[in-house]
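Novice: quick one, what's the 3D model for this:
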Amino acid sequence: MTPDICGAVATSEAGAARLCPLRAALAAHPCIESCDEFCRVALSLFRFIGAAYTTGASDCWEAAYRFADETPGISDSPLLVARAAALVRILRSGRPCEPCFMPPSCRRLSKDEAELMQLLTVARRNRPGELESIVGQFVGSGKVAAATRAVNALALC
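Specialist: Model prediction:
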């Protein structure tokens, strides 16, 4: 297999073009641009809160509150942060592994973040049966009701 000069395309000996492995991996993860404004705000809060749990640094909590305070259109920023934190806590206790949050400045979404954005999108469409089905795939069976309430509360904030 010979790489193309730009490294974007590799050509097999049979002559078929394929994406290079790095581009293929990046293409598999959605970007923050694919999210609406509400989901972008929630994603930033999830990332700050995730960093707080990972590092134990109180600065991350302060950053979450400051970000919510400075975001236009949010009438009750402490409530929004609290609802985002409640969902993160449920996810941390209802899954076999910690949810994966990227750093706040990252433009790509982790698999867990993409699934969270899907949960919020479905909750905002107000289709309860669909939401419970998706939540059930994302958290353990013992946490579906709590996670569904937390997603709905955040989506309606």
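Novice: contacts only, for the residue nearest in space to the middle of the chain.
Specialist: Most central in the chain under C-alpha atoms, centre = their mean is Glu113, positioned 1.9 Å from the mean C-alpha point. Under the criterion of C-beta atoms under 8 Å, 6 or more residues apart in numbering, the neighbours of Glu113 are Leu43, Phe46, Arg47, Cys100, Phe101, Met102. Bear in mind the C-beta positions are built from the backbone N, C-alpha and C, glycine included.
Novice: any idea how far the fourth one is from Arg127?
Specialist: Looking back up the chat, that one is Cys100. Using C-beta to C-beta, to the nearest Å, one obtains 26 Å as the distance from Cys100 to Arg127.
Novice: then the last one?
Specialist: Met102 sits 28 Å away from Arg127, taking C-beta to C-beta as the criterion.
Novice: looking at these two, which is more packed in?
Specialist: Neighbour tally, Met102 and Arg127, criterion other C-beta atoms under 10 Å: the higher count belongs to Met102, 19 against 12.
Novice: that one contacts Lys111, correct?
Specialist: No: with contacts counted by C-beta atoms under 8 Å, Met102 stays clear of Lys111, the gap being 10.5 Å.
Novice: what segments of the chain are helices?
Specialist: Taking DSSP state H, the helices of the chain run over residues 21-28, 37-55, 58-70, 77-94, 111-124, 128-138, 144-155.
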